[in-house]
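Participant: Here is a sequence with its predicted model. Questions after.
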Protein chains: 2
Amino acid sequence: MKDFPVSRRQFLKTAALTTAGTTLFGGLVTRMKADEPERKLGFALVGLGILSTQQLAPALQTTKYCRLAAIVTGTPAKAVKWKQQYDIPDKNIYNYDTMDRMIDNPDIDVVYVVTPNALHAEHTIKAARAGKHVLCEKPMEVSTAKCQSMIDECKKAGKQLAIGYRCQFEPYHLECIRLAREKVFGDLRYMEAGFGFAIGNPNQWRLNRALSGGGPLMDVGIYALQATRLVIGEEPVLVSATATNTDPAKFKDIEESLVWSMKFPGGALANCSTTYKFGTMNQFTAFAQNGTFGLKGAFGYGGQQLIRSDGQEMNFPPVDHFAAEMDNFARCILDNKPTKVPGEEGLRDIRIMMAAYESARTGKAVTLA
Amino acid sequence: MKDFPVSRRQFLKTAALTTAGTTLFGGLVTRMKADEPERKLGFALVGLGILSTQQLAPALQTTKYCRLAAIVTGTPAKAVKWKQQYDIPDKNIYNYDTMDRMIDNPDIDVVYVVTPNALHAEHTIKAARAGKHVLCEKPMEVSTAKCQSMIDECKKAGKQLAIGYRCQFEPYHLECIRLAREKVFGDLRYMEAGFGFAIGNPNQWRLNRALSGGGPLMDVGIYALQATRLVIGEEPVLVSATATNTDPAKFKDIEESLVWSMKFPGGALANCSTTYKFGTMNQFTAFAQNGTFGLKGAFGYGGQQLIRSDGQEMNFPPVDHFAAEMDNFARCILDNKPTKVPGEEGLRDIRIMMAAYESARTGKAVTLA
């Protein structure tokens, strides 16, 4: 690995490429099959940053139940480029001031909010009021109050709200959850999980607390938190956290690195970690009574590797996490079934992360209701 | 691994046998060579429990600079058995009331204290006052005050005091310390370390706080603490801890499991864990800027496995940790050089562990001077 900061995208991609020796989207190109449904739900991408450009728009070319129907951007040049690249009609191109008008646009079923964290509530609520279902990137928002307002507004509009927890649609995570639920290695006692990377550009919004709501915990630590909660299968009742910052010029008002511990009602414990300082932390391990299991390269866009203490190997075909996530949401909408990653799930993580920040600030463990 | 509690000894041995597929003391039988010194320091073992019986006495048959010269036991039947097995003269057999008389016995150079934790100070001080060097098992004692009294008394007697940190003489640990110091993977940012086992006999002294001073943290968590301090190469400035107890009938006044985090002055963080509930936790990983390294089967009497993120394998010949530890102390005494595991090192760990207990009890992070 490199000893200099890389872009977040490059890191996630590199992790995928090097860990499993397989290309990120290998096997996906040939996925469009004859069993496609006649109607695909129209998705509007709100915020055309790196994630939309590099992951979501390409994924929407492979989804079975979704299609890229519209865009919302504050940058006219991006609108021009995307219009050409994806053949988007002018009537389906919005900016943040005009996106309310989606209410009159039947092409759009789902709005995917991909803007900076602190704008998620604003854009989610606009979409809900325009009568659209909403898929919102993680972290859900920067406060529990804003999360609750998103839940309330979507409920009021009678629309579903899902959070972009792509790993909940990724087979290696699902296998680990199965190993835990079926107690293949006995009762689960302890978990370690960590995700971080060496952040590059010092001017990006992720380093600006007003837009991000926090540092690596909000951005990538949330993956470690999700894995821990999902595999243990309970909600933590106590969280304590410790933060460091060796580069306050770069990390002005966010943590550089943070570790946090959680206690679960069944007696399990967890130690988690996150950082913007280095990129060698990307794994989780579950310690059960009779063995251990977990993932290396756990949180990249691909390249997950399952590690079991009994040495058993298990490989799953590559999956585009974002395509799987969007198709799942589309199916929930088409079938009128609730998503497994609703706003309430996003709120749970925000509540825990806010407790972790409080603990790091006060030096006191925080009890969760 | 088994789903029922095993003895501590059996666990450590099993870990050694199964992890590396090698016998515990393979290669040691042929170690007595022509280059042995004429004079070996005489060791008195104080407390003839499992460690003395299964590890120390056998190790003393292979040491270059030490020999089993004397025993101290409160159980007459053990005295009879050991006298026969190891050909120990009557004059070198003591009980706890008579061990002061060692002052008149030139056969004894070093007293190895292997009694329950809360008796270490008493037996160490008796030995020092009898003019003997002291090697004392970890954890050093059950309070920092008692540790300090041990240091003071040995100093007053002009005798060396060493703590039984066998892993500081174990090549895999030493290699990890080298990888950290030489920054082979760049600056060290974060460590995870954990050690635990499923404790058996509910009546043993380890479960009695009055004798043990605490639970798994004192007994085996100390290995994770040592590894973290040694590899990071700094002393923690902040510790916070969380304990669980799902079996208060068995764990009456000690923790069942405990996790603790530490912050180091250079900005590194650590997450550690220990337990008496399950035996699948026995490893550490160091996360550096450009890669990771650590040990699987880290703390058993053998069977360590070095894991480097660059895939490089490295194997060292089996070493009897206890023989290496005792020979090193004997050489220090013979050469009149200070041990690298003095009482002050033992005291450091006790101070940190007491801070961890305080944090678990109060819910507040504890600042260390």
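Facilitator: Arrived safely.
Participant: got a pLDDT number for A:A369?
Facilitator: Note on A:A369: pLDDT of 80.
Participant: er, A:T18 I mean
Facilitator: So A:T18 comes in at 39 (pLDDT).
Participant: swap in A:T292?
Facilitator: pLDDT at A:T292 comes out at 98.
Participant: now the helices: where do they sit in chain A?
Facilitator: A:8-20, A:50, A:57-59, A:76-86, A:120-129, A:144-157, A:171-181, A:209-212, A:216, A:222-232, A:321-335, A:343-362 (DSSP state H).
Participant: Give me the distance between A:M353 and A:L119.
Facilitator: 18 Å (C-beta to C-beta, to the nearest Å). Yep, even glycine has a C-beta here, placed from its N, CA and C like the rest.
Participant: Counting neighbours, go ahead and name the busier of those two.
Facilitator: Per other C-beta atoms under 10 Å in any protein chain shown, whichever of A:M353 and A:L119 has more neighbours is A:M353, with 25 against 18.
Participant: Chain neighbours aside, what residue packs nearest to that one?
Facilitator: Closest residue to A:M353 in three dimensions, ignoring its sequence neighbours and counting by C-beta to C-beta, 6 or more residues apart in numbering or on different chains: A:L217, at 5.5 Å.
Participant: same thing with A:K252?
Facilitator: In space, A:K252 comes closest to A:L207 once its chain neighbours are excluded; the distance is 7.2 Å by C-beta to C-beta, 6+ apart.
Participant: Kindly report the same for A:E256.
Facilitator: Per C-beta to C-beta, 6+ apart, closest to A:E256 is A:N245, 4.4 Å.
Participant: Tally up the residues packed near the one you found, please.
Facilitator: For A:N245, using other C-beta under 10 Å, the count is 18.
Participant: Please apply the same query to A:N203.
Facilitator: So A:N203, with other C-beta under 10 Å, has 7 neighbours.
Participant: How about A:D187?
Facilitator: 16.
Participant: Mind pulling up the pLDDT for it?
Facilitator: 98.
Participant: before we move on, what about A:S240?
Facilitator: Per-residue pLDDT puts A:S240 at 98.
Participant: count of residues packed around the residue lying closest to it once chain neighbours are set aside?
Facilitator: The shortest distance from A:S240 to any non-neighbouring residue, by C-beta to C-beta, 6+ apart, is to A:A365 (3.9 Å). Applying other C-beta under 10 Å, we find 24 residues neighbouring A:A365.
Participant: What segments of the stretch 251-369 of chain A are strands?
Facilitator: Per DSSP state E, counting those that start in this stretch, the stretch 251-369 of chain A carries strands over the ranges A:257-263, A:269-275, A:282-288, A:292-296, A:305-308, A:366-367.
Participant: Is there proximity between the longest strand along chain A and chain B?
Facilitator: Longest strand in chain A by number of residues (criterion: DSSP state E): strand A:188-196. Yes: using C-beta under 8 Å from any C-beta of the partner chain, strand A:188-196 comes into contact with chain B via A:R189, A:Y190, A:E192, A:G194.
Participant: Tell me what angle that strand forms with strand A:269-275.
Facilitator: 0 degrees (axes from the mean of the first three to the mean of the last three C-alpha atoms, to 10 degrees).
Participant: Report the distance from strand A:188-196 to the chain centre.
Facilitator: 17 Å (C-alpha atoms, centre = their mean, to the nearest Å).
Participant: Tell me what angle that strand forms with helix A:171-181.
Facilitator: 160 degrees.
Participant: So which bits of strand A:188-196 are buried?
Facilitator: When burial is assessed from 16 or more other C-beta atoms under 10 Å in any protein chain shown, strand A:188-196 yields the following buried residues: A:L188, A:R189, A:Y190, A:M191, A:E192, A:A193, A:G194, A:F195, A:G196.
Participant: TSV please, covering the residues you listed and showing distance to A:T274.
Facilitator: Below are those laid out as TSV (distance: C-beta to C-beta, whole Å):
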residue	distance to A:T274
A:L188	22
A:R189	22
A:Y190	18
A:M191	14
A:E192	12
A:A193	9
A:G194	7
A:F195	6
A:G196	5
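Participant: The longest strand of chain A - contacts with which helices or strands?
Facilitator: helix A:222-232, strand A:269-275, strand A:282-288, strand B:188-196, strand B:257-263, strand B:269-275 (3 or more C-beta pairs under 8 Å, 6 or more residues apart in numbering or on different chains; DSSP states H and E).
Participant: closest one to B:R67 among these?
Facilitator: Shortest distance between B:R67 and these, using C-beta to C-beta, is found for strand B:188-196: 31.2 Å.
Participant: With just CA atoms, put the closest one into PDB.
Facilitator: Extracted as PDB, the C-alpha positions of strand B:188-196 are listed here (Å, rounded to 0.1, in the frame of the first residue of the first chain):
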ATOM      1  CA  LEU B 188       2.400   2.500  14.000                       C
ATOM      2  CA  ARG B 189      -1.100   4.000  14.400                       C
ATOM      3  CA  TYR B 190      -3.300   1.400  16.100                       C
ATOM      4  CA  MET B 191      -3.300  -1.900  17.800                       C
ATOM      5  CA  GLU B 192      -5.800  -4.600  18.600                       C
ATOM      6  CA  ALA B 193      -4.900  -7.300  21.200                       C
ATOM      7  CA  GLY B 194      -6.900  -9.900  23.100                       C
ATOM      8  CA  PHE B 195      -6.300 -12.900  25.200                       C
ATOM      9  CA  GLY B 196      -8.800 -15.000  27.100                       C
END
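Participant: and that strand, which strands flank it?
Facilitator: According to DSSP bridges, strand B:188-196 forms sheet pairs with strand B:269-275 (parallel), strand B:282-288 (antiparallel).
Participant: ranking these by burial, who's on top?
Facilitator: Among those, strand B:269-275 has the highest mean neighbour count (mean count of other C-beta atoms under 10 Å in any protein chain shown), at a mean of 28.
Participant: for the record, mean pLDDT for that one?
Facilitator: 98.
Participant: ok, now stretch A:202-209?
Facilitator: Average pLDDT, stretch A:202-209: 96.
Participant: again with stretch A:68-84
Facilitator: For stretch A:68-84, mean pLDDT rounds to 98.
Participant: rewinding a little: show the pLDDT at the residue nearest to A:M353.
Facilitator: So A:L217 comes in at 98 (pLDDT).
Participant: and it, what does it touch?
Facilitator: Contacts for A:L217 were tallied using C-beta atoms under 8 Å, 6 or more residues apart in numbering or on different chains; they are A:E255, A:L258, A:W260, A:T274, A:M353, A:A356, A:Y357.
Participant: With A:V237 instead?
Facilitator: With C-beta under 8 Å, 6+ apart, A:V237 has these contacts: A:K263, A:F264, A:P265, A:T367, A:L368.
Participant: hang on, the earlier thing: how about the strands of the stretch 251-369 of chain A in a markdown table, adding distance to B:D152?
Facilitator: Below are these laid out as a markdown table (distance: least, C-beta to C-beta, whole Å):
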| stretch | distance to B:D152 |
| --- | --- |
| strand A:257-263 | 36 |
| strand A:269-275 | 37 |
| strand A:282-288 | 41 |
| strand A:292-296 | 44 |
| strand A:305-308 | 48 |
| strand A:366-367 | 41 |
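Participant: For A:Y276, see how far away the residue nearest to A:M353 is.
Facilitator: For A:L217, the distance to A:Y276 equals 10 Å [C-beta to C-beta].
Participant: quick one: the spatially closest residue to A:R348 that is not a sequence neighbour from B:V239, how far?
Facilitator: Once flanking residues are discounted, A:R348 sits nearest to A:E235: 6.7 Å by C-beta to C-beta, 6+ apart. Using C-beta to C-beta, A:E235 is found at 26 Å from B:V239.
Participant: Then A:D152?
Facilitator: 41 Å.
Participant: got the residues of the stretch 251-369 of chain A near chain B?
Facilitator: Neighbours of chain B within the stretch 251-369 of chain A, by C-beta under 8 Å from any C-beta: A:256-263, A:266-273, A:275, A:277-278, A:280-281, A:287-292, A:309, A:363-365.
Participant: Selecting buried members of those residues in ChimeraX, what would you type?
Facilitator: In ChimeraX, this line selects whichever of those come out buried by 16+ other C-beta under 10 Å:
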select /A:256,257,258,259,260,261,262,263,267,268,269,270,271,272,273,275,277,278,280,281,287,288,289,290,291,292,309,363,364,365
